[in-house]
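Trainee: Sequence and predicted structure below; questions after.
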Amino acid sequence: MNLQLHLLSRIAAIALACLLAISAYALFKSHRQAMQAAWRIADSQGKLLESQLLLNKAGIGLARPFPDFEFWKQSGSQPGVCLSYADAGGPMARSLCTGTKPGAADWPEFFDSGYRWTFNPGQPAVRPIELQGRIHGSLTVTPSAELEIAEAWHTALSLTALSCVTLFAVCMLVYLSLRRALNPAKTIVQGIAAMEAGRLDFRLPAFELNEWQRIAAAINQLAASQQQLLDERRKLVAKLITLQEAERRHLTRELHDEFGQCLAAIQAVTASIRQTAARQCPQLLEETDRIGRITAHMMDSVRQLLGRLRPAEFDELGLAASLGSLIAGWNGRSQGKTRFQLHISGDCGVLSDAQAIGLFRITQECLTNIAKHAEASAARIDLTIRADTAGLRIRDDGKANRLPFADSGGIGLSGMRERVAALHGQLELAIAEPRGLIVAIQLPLGVTGMRA
């Protein structure tokens, strides 16, 4: 759930609870004021009736018989209130109601029933009429329940309208404030996404709030440490690859100079022995021929091993010739099962030694995987050299139709990733249509990576 909506819903719920509490208090206060008004009327009219009794007892007659409510009626009495007087030992002497009850109720039925059930409006206020220690009667003041409910309803409506306007204004202000305060969260998420994509040089800016500042500082520190670790790992990988190429170069030289010369000498001696055996001991011809075949087989194996370690034409003729020789060798070994095609665009001479040997090794690995696993009928190798980038794209029409191995820990794929990372490049895998695998590599030119 969105954080802004979550906080707004909490604030709205709390405000609604406060509104209900305030409404309940307002209705209680309205009912209490109605009851207090009824008791004030009962007290004032009771004193007036006691004064009338005192005048009668003093022999000062009144123009109207007791009890006289005319003065209360003419003095602006409260509408909907009924006064009634009852003698202490007899029936009611007189009653008077002012105003009229409201007509059709303009409040809903649920409010009417709920208010009546909660407060029981219209309860009478009874005051005894006492003179000189003797109770002469009682005065009953009965307020109108309908008028009280109407007043409570109008109070609730006014309070609800004011509260709704206030709640809307508060929610808008809170929403705008939260939106501004949470804006850095979007920037932080974008920064984390950039770091996840490999842009560890991305840094979050300084934010206004202290909490966001601490989060940004922690993320920036993490990115810096990861960048340092990645640089150290890239340097280590570059050093290991450089040492590996140096070792291969050394092995190639030793095999060519020592082992190759020894095999050539054995082959020459075998030819001499065969000539001597043909003249003097023909029964040795079969053994000498066998030695010659073994020596020739060993020569072919050494030649192939030298090609895999470091092609002889790589140092002399460069990457393009080495790739051409590599493709020709695979076409010869596949015997028509897989047709390999090479297309080179641009000048391979602008590549550094590390980039050239890296592209060659990656092509070697890809062709080996195609021959072993792809079951492809065709494979195309495109090498494009531009002014600022070098792109290698290898596509086959093999059986691959998904990428469960895109993030696997295979030695071949891991080796390619490490080589590309050491050269500050990018490696991407994709599925060709309708099937097959595409390996795409981009290397930036002019970036110092490793030395071959």
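Mentor: Everything's here; your move. Numbering: from 1, shown residues only.

Trainee: how close does the residue lying closest to A356 once chain neighbours are set aside sit to L326?
Mentor: Closest residue to A356 apart from its sequence neighbours, by CB to CB, 6 or more residues apart in numbering: L319 at 4.3 Å. (Each C-beta comes from the backbone N, C-alpha and C, glycine too.) Separation of L319 from L326 (CB to CB, to the nearest Å) stands at 10 Å.

Trainee: circling back: show the pLDDT at the residue nearest to A356.
Mentor: For L319, the model assigns a pLDDT of 85.

Trainee: Of L319 and L326, which one has the most company?
Mentor: Per other CB atoms under 10 Å, whichever of L319 and L326 has more neighbours is L319, with 25 against 22.

Trainee: Tell me the bridge partners for the closest residue to C97 other than its chain neighbours.
Mentor: Of all residues not flanking C97 in the chain, C82 sits nearest, at 4.0 Å (CB to CB, 6+ apart). Going by DSSP bridges, C82 is paired in beta bridges with C97, T142.

Trainee: Let me know whether C82 touches A145 as I believe.
Mentor: No - when contacts are counted by CB atoms under 8 Å, C82 is not listed as touching A145 (11.5 Å).

Trainee: Looking at these two, which one has more neighbours?
Mentor: Set C82 next to A145 and count neighbours by other CB under 10 Å: A145 wins out with 19 against 16.

Trainee: how close does that one get to N120?
Mentor: Distance check for A145 against N120: by CB to CB, it reads 9 Å.

Trainee: same question, T389
Mentor: 88 Å.

Trainee: Comparing the two, which residue is more hemmed in?
Mentor: A direct count of neighbours by other CB under 10 Å for T389 and N120 places T389 higher, at 15 against 10.

Trainee: I figured the more buried one was touching L445, is that so?
Mentor: Yes - between T389 and L445 a contact is recorded at 6.2 Å, counting by CB under 8 Å.

Trainee: what about the spatially most central residue of the chain, helix or strand, and which?
Mentor: Nearest to the mean C-alpha position of the chain, by CA atoms, centre = their mean, lies V189 at 7.1 Å. According to DSSP states H and E, V189 maps onto helix 183-196.

Trainee: Below-threshold pLDDT in the stretch 201-350 of the chain: ranges please.
Mentor: 307, 310-315 (pLDDT under 70).

Trainee: re the thing from before, between L319 and L326, what contacts are shared?
Mentor: Listed as contacting both L319 and L326 by CB atoms under 8 Å, 6 or more residues apart in numbering are F360.

Trainee: Return the set of buried residues in stretch 3-16.
Mentor: Residues of stretch 3-16 classed as buried by neighbour count (16 or more other CB atoms under 10 Å): Q4, L8, I11, A15.

Trainee: What is the nearest of those residues to R395?
Mentor: Of all the buried residues of stretch 3-16, Q4 has the smallest distance to R395: 47.7 Å, by CB to CB.

Trainee: any idea which element the closest one lies in?
Mentor: Per DSSP H and E: helix 3-57 holds Q4.

Trainee: again with N401
Mentor: Going by DSSP H and E, N401 is not in any helix or strand.

Trainee: Now that it has come up, it's in contact with R435, right?
Mentor: Yes - counting by CB under 8 Å, R435 is a contact partner of N401 at 4.6 Å.

Trainee: more neighbours, the two?
Mentor: R435 (15 against 11).

Trainee: Would you verify that that one is located in a helix?
Mentor: No - under the criterion used here (DSSP: H, G, I helix; E, B strand; the rest coil), R435 is coil, not part of a helix.

Trainee: Next, give phi and psi for it.
Mentor: phi -160, psi 170 (degrees, to the nearest 10).

Trainee: what's the answer for I129, then?
Mentor: According to degrees, to the nearest 10, I129 has phi -100, psi 110.

Trainee: Tell me which residues touch it, please.
Mentor: Contacts of I129 (CB under 8 Å, 6+ apart): G46, L49, E50, L53, Y85, I135, H136, G137, S138, L139.

Trainee: The last one touches A88, doesn't it?
Mentor: So the one you mean is L139. No - contact criterion CB under 8 Å: L139 and A88 do not qualify, at 11.8 Å.

Trainee: Look at the two and report which has more neighbours.
Mentor: Per other CB under 10 Å, whichever of L139 and A88 has more neighbours is L139, with 24 against 12.

Trainee: For the one helix or strand T276 maps to, buried residues please.
Mentor: Using DSSP H and E, T276 falls within helix 260-280. Under the neighbour-count criterion of 16+ other CB under 10 Å, helix 260-280 has G260, L263, I266, Q267, T270, I273, R274, A277 buried.

Trainee: of all those, which two lie farthest apart?
Mentor: Applying CB to CB across these, the maximum distance is between G260 and A277, 25.6 Å.

Trainee: What are the boundaries of the helices in the stretch 301-450 of the chain?
Mentor: When secondary structure is read from DSSP state H, counting those that start in this stretch, the stretch 301-450 of the chain shows helices at 312-317, 319-334, 353-369, 411-422.

Trainee: out of the ones you listed, nearest to Q227?
Mentor: Using CB to CB, the helices of the stretch 301-450 of the chain put helix 411-422 closest to Q227, at 13.1 Å.

Trainee: relative to helix 353-369, how tilted is the closest one?
Mentor: Counting by axes from the mean of the first three to the mean of the last three CA atoms, to 10 degrees, helix 411-422 lies at 160 degrees to helix 353-369.

Trainee: Check the offset of helix 411-422 from the chain's centre.
Mentor: Centroid displacement of helix 411-422 relative to its chain, using CA atoms, centre = their mean, to the nearest Å, is 31 Å.

Trainee: burial count for R386?
Mentor: 12.

Trainee: Show the contacting residues for it.
Mentor: With CB under 8 Å, 6+ apart, R386 has these contacts: G346, L445.

Trainee: picking that back up, the residue nearest to C97 and R419: what is the separation?
Mentor: For C82, the distance to R419 - CB to CB - is 103 Å.

Trainee: C281 too?
Mentor: For C281 relative to R419 (CB to CB), the value is 56 Å.

Trainee: ok, the two, which is more surrounded?
Mentor: R419 (26 against 11).
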